[in-house]
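Participant: Give me a 3D structure for the following:
(2 chains)
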Number of protein chains: 2
Amino acid sequence: MQTQLLFTPKAIGYVRSSFQETSQIPKGLGAKHEAEGELEILPEFAEGLTDIEGFSHLIIVWVFNRSTGFELCGQPPCDDRAHGVFATRSPRRPNPIALTAVELLGREGTRLRVRGLDMLDGTPILDIKPYLSSIPEEKLRRGWLAEAEARKGK
Amino acid sequence: MQTQLLFTPKAIGYVRSSFQETSQIPKGLGAKHEAEGELEILPEFAEGLTDIEGFSHLIIVWVFNRSTGFELCGQPPCDDRAHGVFATRSPRRPNPIALTAVELLGREGTRLRVRGLDMLDGTPILDIKPYLSSIPEEKLRRGWLAEAEARKGK
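Facilitator: I've put the predicted structure just below:
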């Protein structure tokens, strides 16, 4: 069914964070992502940022560019059991695409200052979208993650 | 800075929906996406669905495969003013990647029955991720969209 390239991914910019190694990034149950940093958008895409200041939160689509290959079922750092890759946020995915919701703190030209980064410095950014609506917490079921939290007494 | 391909996107499956043309998909202010349909995952990725049934909501990462080129600043269907592409959900993006949050209704083998589809039948799926947490509604600011709604008296 797939005879042609779906599209050619290109970086629209890069993450500027204090994380140089994955070991520095909080992981696992209850990890809070409060790190501040910048999204540096390439000048040729600057016009696409028009009116972005009005949004409090953004969804960043980025590339797990240090990850190689994928594992369909693996054990995440926060559990002692294996789960399917589509039920986890593992970086080893068939398409190494990651999503992070961040709070937009401010903009200076092509630099967006944000809170909530969990990416390494230099990570390529594919897209930015406004965060428009949420699933109410009372309607969310979090599957194995809730069970793993319960087992650890969190 | 970008001398090699970031990655080669591949479909992990396809959307089965009743939408054959984009004109059939609700758009604009207040559009509700309640359409039910299926995500048909390719057999070679089936193992990646392990434990997905425990999640009430999923984020589907998919390709705007009928879209060509991109427009950095354009007028969305729900407003009479132009906005930057990164402040909209326009399909004409530098990377034609789309996100949709759906409710998982059930699973039969490699077929996930979901509610909340806004994709055309046959749309390639890149990734599925569990929806783990939300930004509380009271903390969300929705920029030009809130202003456009106010102007239209919604």
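
Participant: only C-alpha atoms for contact and neighbour calcs from this point on.
Facilitator: Noted.

Participant: hey, what's residue A:60 bridged with?
Facilitator: Taking DSSP bridges as the rule, residue A:60 bridges to residue A:100, residue A:128.

Participant: For it, give me its contacts.
Facilitator: The neighbours of residue A:60, taking C-alpha atoms under 8 Å, 6 or more residues apart in numbering or on different chains as the test, are A:99-102, A:125-129.

Participant: Let's see that with 10 Å instead.
Facilitator: Residue A:60 makes contact with A:39, A:98-102, A:117, A:125-131, B:86, according to C-alpha atoms under 10 Å, 6 or more residues apart in numbering or on different chains.

Participant: just residue A:108 next, same as before
Facilitator: Shown in contact with residue A:108 (C-alpha under 10 Å, 6+ apart): residue A:40.

Participant: distance of it from residue A:46?
Facilitator: 11 Å (C-alpha to C-alpha, to the nearest Å).

Participant: between these two, what contacts are shared?
Facilitator: In contact with both residue A:108 and residue A:46: residue A:40, using C-alpha under 10 Å, 6+ apart.

Participant: Residue A:26 against residue A:33, yeah?
Facilitator: Yes - here residue A:26 reaches residue A:33: they are 7.0 Å apart, a contact under C-alpha atoms under 10 Å.

Participant: just to revisit the earlier point, looking at the contacts of residue A:60, which two lie furthest apart in space?
Facilitator: Across these, the longest distance by C-alpha to C-alpha is 17.9 Å; it joins A:117 and B:86.

Participant: element containing the residue nearest to residue A:104 when sequence neighbours are not counted?
Facilitator: Excluding the flanking residues, the one nearest residue A:104 by C-alpha to C-alpha, 6 or more residues apart in numbering or on different chains is residue A:114, at 4.6 Å. Residue A:114 belongs to strand A:111-115 when assigned by DSSP states H and E.

Participant: likewise residue A:144?
Facilitator: Per DSSP H and E, residue A:144 falls inside helix A:143-151.

Participant: can you tell me if that helix touches chain B.
Facilitator: Yes - looking at helix A:143-151 against chain B by C-alpha under 10 Å from any C-alpha of the partner chain, the contacts come from A:143-147.

Participant: Please state the offset of that helix from the chain centre?
Facilitator: 21 Å (C-alpha atoms, centre = their mean, to the nearest Å).

Participant: what residues are up against residue A:7?
Facilitator: By C-alpha under 10 Å, 6+ apart, the contact set of residue A:7 is B:8-10, B:63-65, B:68, B:94-97.

Participant: Adding neighbour count, pLDDT and distance to chain A, write these out as TSV.
Facilitator: Below are the contacts of residue A:7 laid out as TSV (neighbours: other C-alpha atoms under 10 Å in any protein chain shown; pLDDT from 0 to 100; distance: C-alpha to the nearest C-alpha, whole Å):
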residue	neighbour count	pLDDT	distance to chain A
B:8	13	95	7
B:9	18	97	6
B:10	18	96	7
B:63	24	98	8
B:64	22	96	9
B:65	16	94	7
B:68	13	90	10
B:94	23	98	8
B:95	20	98	6
B:96	23	97	7
B:97	22	98	8
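
Participant: Show me those residues that map onto strands.
Facilitator: B:63, B:97 (DSSP state E).

Participant: I'd say residue A:8 and residue B:6 touch.
Facilitator: Yes - the pair residue A:8 / residue B:6 is scored as a contact, 8.3 Å apart, by C-alpha under 10 Å.

Participant: and residue A:6, how many neighbours?
Facilitator: 17 (other C-alpha atoms under 10 Å in any protein chain shown).

Participant: Where does it fall, secondary structure wise?
Facilitator: Going by DSSP H and E, residue A:6 is not in any helix or strand.

Participant: got the contact list for the closest residue to it other than its chain neighbours?
Facilitator: Take residue A:6 and drop its neighbours on the chain: the residue closest to it by C-alpha to C-alpha, 6+ apart is residue B:9, 6.2 Å away. Under the criterion of C-alpha under 10 Å, 6+ apart, the contact list for residue B:9 reads A:5-9, A:94-97, B:63, B:125-126.

Participant: and if you look at residue A:51?
Facilitator: B:73, B:82-88, B:143-144.

Participant: And residue A:55, how far from residue B:72?
Facilitator: For residue A:55, the distance to residue B:72 (C-alpha to C-alpha) stands at 17 Å.
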